[in-house]
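Participant: Dropping the sequence and predicted coords here.
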There are 2 protein chains.
Amino acid sequence: MTYCLAIHANDGLVLCSDSRTNAGFDNISVYSKMHRFVWPGNRFLTIMSSGNLATTQAVISKIRQDLNQHALINLLTVSSLHEAADYVASTSTEVQKIQAARDTKSISFEATFIIAGQIGTQPMETLLIYPQGNFIYESEVYPFLQIGEIKYGKPILDRVAKRDISLEAAARCALVSMNSTIRSNLTVGPPVELLIYKKDALEMSTYMLLTDKDDFAKKLSESWDSGLKQALESLPRFSWEVAK
Amino acid sequence: MTYCLAIHANDGLVLCSDSRTNAGFDNISVYSKMHRFVWPGNRFLTIMSSGNLATTQAVISKIRQDLNQHALINLLTVSSLHEAADYVASTSTEVQKIQAARDTKSISFEATFIIAGQIGTQPMETLLIYPQGNFIYESEVYPFLQIGEIKYGKPILDRVAKRDISLEAAARCALVSMNSTIRSNLTVGPPVELLIYKKDALEMSTYMLLTDKDDFAKKLSESWDSGLKQALESLPRFSWEVAK
């Protein structure tokens, strides 16, 4: 499986992805799921992917090919994030159709994507593209999108990921959401990619690749662990404990 | 859906369940999923259920009928928790077979159970019974079992639910695990049932039914919320923040 998330704050975007892939339990590997397409001063786009690895690789590879061959529609010619999402969606469904036509065993070739970024002077946008090719924006109240193993890391996002969160706080929130998921699910694993995009920068602001041996990642994990234990320790006592 | 969990600590058992049931989105109701069978001084047993409501009701009802009719095998005649699990498992698969035989639409009649308790001088035990009728004990390192919507509330259990946890700390941990699940998933809802069983008591030690208007539940939820935010606030800063 996979876990990728995007937080869309007022000040910018925070994107985070794991990099474990598995086909069964004995075929585990490491692949980046965060694909960056940046033309400084013009547009910043990032696509994160989850699902069948052959499908997601074929989709990204087709997107790069379209750029190289100056196809009529490509990530550099689309005039909005919405158009970009539409282009990725149709590329994804085309790829899935080709895979399915070859298949003799009815395997799932589905893939899900998050596309996030900014084009010129337009507002930043984040969209989630379903395997079926339709796509949605994030909610105004819960301004984040997740794909893959989304449940373990959702409670903390539900609580703190709001529009007015600072980019650094959002990045820490994304990392603990990822950390909890990695701890609880074997199919999500390091290294973790973290990308911070500052509004209107039109280039990548910060990018970190955190392995499990990374000092900052270790400190963050330990601090979160002790913070959670302290939060648990501070919870109100039951009546019979107080009476003691 | 449902969320039920059991923590098996050295000092006793902590059981917690939600009570929302839904058949589709417009047919939501409240049912207890925690079924207690207590013969003080002799044995204490609790069965928690998840899955098809008709199946779980039929299983519990058959278990009560067997007790009333003094069937050869019933919860009072079984000589161990293992035997009790075996009896619940075969009751469950029998019920599922009957339902499936009547079905014309291939609906899922599956149900999953947790059985926990103590019989006489034997050790306390907790088991999870799969829809297929096989069952497992909890792990020694992660001494808890969960059924239903298990992912949202698993990270906190993974971190703190250990054998040597106090019963009160385990109960608080169970309640925040439940609280996070209720916040993040519409199909899990209050009131929440919490049961604490002290080792060798052979009767119910503490039982609480917490509605969303309950003062203690509210305080706990607020305290957990602010504790999490504080934990997030205490996380190490990124290098560029420190440099500022």
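Facilitator: That came in fine, so what should we check first?
Participant: Chain A: helices as residue ranges?
Facilitator: A:53-68, A:81-102, A:154-160, A:167-184, A:215-233, A:239-243 (DSSP state H).
Participant: Show me the shaky parts of chain A.
Facilitator: For chain A, the stretches with pLDDT under 70 are A:243-244.
Participant: In JSON lines: the helices of chain A, plus distance to chain B and mean neighbour count.
Facilitator: Every C-beta, even on glycine, is put in place using the N, C-alpha and C of the backbone. Supplementary listing: the helices of chain A in JSON lines, determined by distance: least, Cβ to the nearest Cβ, whole Å; neighbours: other Cβ atoms under 10 Å in any protein chain shown:
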{"stretch": "helix A:53-68", "distance to chain B": "22", "mean neighbour count": "17"}
{"stretch": "helix A:81-102", "distance to chain B": "24", "mean neighbour count": "18"}
{"stretch": "helix A:154-160", "distance to chain B": "4", "mean neighbour count": "22"}
{"stretch": "helix A:167-184", "distance to chain B": "4", "mean neighbour count": "23"}
{"stretch": "helix A:215-233", "distance to chain B": "3", "mean neighbour count": "16"}
{"stretch": "helix A:239-243", "distance to chain B": "6", "mean neighbour count": "9"}
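Participant: With distance to B:K229 as added columns, please give those in a markdown table.
Facilitator: Listed next are the helices of chain A as a markdown table, based on distance: least, Cβ to Cβ, whole Å:
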| stretch | distance to B:K229 |
| --- | --- |
| helix A:53-68 | 35 |
| helix A:81-102 | 31 |
| helix A:154-160 | 6 |
| helix A:167-184 | 10 |
| helix A:215-233 | 9 |
| helix A:239-243 | 25 |
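Participant: Out of those, the one nearest B:L72 is which?
Facilitator: helix A:239-243 (40.9 Å; Cβ to Cβ).
Participant: how many other residues sit next to A:T121?
Facilitator: Neighbourhood size, A:T121 [other Cβ atoms under 10 Å in any protein chain shown]: 7.
Participant: same thing with the one 3 residues further on?
Facilitator: Here the number of neighbours of A:M124 (other Cβ under 10 Å) works out to 21.
Participant: can you tell me how far it sits from A:G12?
Facilitator: In this view, A:M124 and A:G12 are 7 Å apart by Cβ to Cβ, to the nearest Å.
Participant: who touches both of these two?
Facilitator: Taking Cβ atoms under 8 Å, 6 or more residues apart in numbering or on different chains as the criterion, A:M124 and A:G12 both touch A:Y197, A:K199.
Participant: Isn't A:K198 up against A:N10?
Facilitator: No - with contact defined as Cβ atoms under 8 Å, A:K198 does not count as touching A:N10 (11.1 Å).
Participant: Which one's more surrounded, those two?
Facilitator: A:K198 (17 against 13).
Participant: I'd like to know how far that one sits from chain B.
Facilitator: Counting by Cβ to the nearest Cβ, to the nearest Å, the gap from A:K198 to chain B is 12 Å.
Participant: How about that residue: which residues does it bridge to?
Facilitator: A:G12 (DSSP bridges).
Participant: quick one: A:A217 and A:L210 touch, right?
Facilitator: Yes - at 4.2 Å, A:A217 counts as touching A:L210 under the criterion of Cβ under 8 Å.
Participant: so what sits against both of these two?
Facilitator: A:L175, A:P190, A:V192.
Participant: Disregarding residues adjacent in the polypeptide, which is nearest to A:Y152?
Facilitator: Spatial nearest neighbour of A:Y152, chain neighbours left out: A:T181 (4.3 Å); criterion: Cβ to Cβ, 6 or more residues apart in numbering or on different chains.
Participant: show me what contacts that neighbour?
Facilitator: Contacts of A:T181 by Cβ under 8 Å, 6+ apart are A:Y3, A:D18, A:E149, A:Y152, A:G153, A:V188, B:P155.
Participant: Which member of those residues is positioned nearest A:M204?
Facilitator: The closest of the contacts of A:T181, once distances to A:M204 are taken by Cβ to Cβ, is A:D18, at 19.2 Å.
Participant: Could you check how many residues crowd around that closest one?
Facilitator: A:D18 has 29 neighbouring residues, counting by other Cβ under 10 Å.
Participant: wait, isn't it in contact with A:T187?
Facilitator: No - in this structure, A:D18 is not within contact of A:T187 by Cβ under 8 Å, at 9.0 Å.
Participant: Name the residues contacting each of these two.
Facilitator: Counting by Cβ under 8 Å, 6+ apart, the residues touching both A:D18 and A:T187 are A:T2.
Participant: which one of the helices of chain A lies closest to B:Q96?
Facilitator: helix A:167-184 (29.5 Å).
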